[in-house]
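Q: From the sequence below, what's the structure:
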Amino acid sequence: MAESKPFFVHSSALCASETIGEGTRIWAFSNVQKLAVIGKDCNICDHCFVENNVRIGDRVTVKNGVSLWDGMTIEDDVFIGPNAVFTNDIFPRSKVYHDQVDKTRLKQGATIGANTVVVAGHTVGKWAFIGAGAVVTKNVPDYTMWYGNPAKMIGYVCRCAKRIEFKASSDSMKYATCECGLKYRLESGIVVPE
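A: Modelled structure (predicted):
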């Protein structure tokens with residue numbers, strides 16, 4: 001009798017890694033290499049590729065057609081939309097292999113919209129929101145919303161993904177309360193949850 005695994009791999013997927021958390025699902029025509037690490041309750045959709053030196057946290061969704069290359073760290077609760085593009089070499093040449101890759105980090109709760117490009121060597125902050133088709137060419141701070149090519153910050157975003165507006169108060173600090181009830185303050189341009 002075949003040994004039961006705590007994760008699901010579709011019959012048409014290639015999955016060499018055994019370091020996959022309970023409840024994770026790897027769907028059709030995906031390829032997960034041997035040294036990749038994937039957390040619990042993740043969803044790796046059709047036609048995805050996960051290279052050896054990739055670390056994925058818990059409850060991450062990777063939609064169809066995404067390749068995750070060596071040097072990527074994806075923290076818990078990240079959403080990666082369909083056909084998002086990541087790189088790990090900012091100076092690529094055919095048949096030229098570097099000793100080190102350019103690392104990319106997606107922090108907890110970040111959303112990467114469909115067809116977004118995240119250029120290697122950058123960090124997308126906690127609960128940041130990158131709109132569909134954006135091209136990220138710099139680090140993205142926590143709780144910020146970015147759109148365009150190159151991506152530009154257009155405002156602030158709540159953990160629930162709704163835009164928030166900061167207003168000055170009598171103590172000259174700026175505060176925001178989302179319609180979901182979460183509260184934030186802005187300190188020297190940095191969003192701090194209350």
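Q: the domain parsing of the chain - what is it?
A: Listed by automatic domain parsing, the domain ranges of the chain are 8-91+101-157, 163-194.
Q: Mind putting those domains into TSV with mean pLDDT and mean neighbour count?
A: All C-beta spots, glycine's among them, are computed from the backbone N, C-alpha and C. Below are these laid out as TSV (pLDDT from 0 to 100; neighbours: other Cβ atoms under 10 Å):
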stretch	mean pLDDT	mean neighbour count
domain 8-91+101-157	98	19
domain 163-194	92	13
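Q: isn't residue 60 right next to residue 68, touching?
A: No: counting by Cβ atoms under 8 Å, residue 60 does not reach residue 68; the two are 10.0 Å apart.
Q: joint contacts of these two?
A: Counting by Cβ atoms under 8 Å, 6 or more residues apart in numbering, the contacts common to residue 60 and residue 68 are residue 74.
Q: And residue 2, what's its pLDDT?
A: Turning to residue 2, the model gives it a pLDDT of 54.
Q: Is residue 130 bridged to anything, and to what?
A: Residues in a beta bridge with residue 130, per DSSP bridges, are residue 112, residue 146.
Q: how about it, what does it touch?
A: So residue 130 contacts 110-113, 116, 118, 124, 136, 140, 146-147, 151 (Cβ under 8 Å, 6+ apart).
Q: Identify the farthest-apart pair in the residues you listed.
A: 110 and 147 (14.7 Å; Cβ to Cβ).
Q: Please report the distance of the spatially closest residue to residue 63 that is not a sequence neighbour from residue 65.
A: Among residues not flanking residue 63 along the chain, residue 82 sits closest, at 4.1 Å (Cβ to Cβ, 6 or more residues apart in numbering). The gap separating residue 82 from residue 65 is 6 Å, by Cβ to Cβ, to the nearest Å.
Q: And residue 91, by the same measure?
A: In terms of Cβ to Cβ, residue 91 sits 25 Å off from residue 65.
Q: do the same with residue 44
A: 11 Å.
Q: Ok, residue 117 next?
A: From residue 117 to residue 65 the distance is 13 Å (Cβ to Cβ).
Q: My read is that residue 85 contacts residue 117, right?
A: Yes: using Cβ under 8 Å, residue 85 is in contact with residue 117, at 4.6 Å.
Q: which residues touch stretch 145-157?
A: 127-131, 133-138, 140-141, 143-144, 163-166, 176, 184, 186, 191.
Q: what do you get for stretch 20-38?
A: Taking Cβ under 8 Å, 6+ apart as the rule, stretch 20-38 contacts 5-10, 12-17, 19, 39-56, 58, 60.
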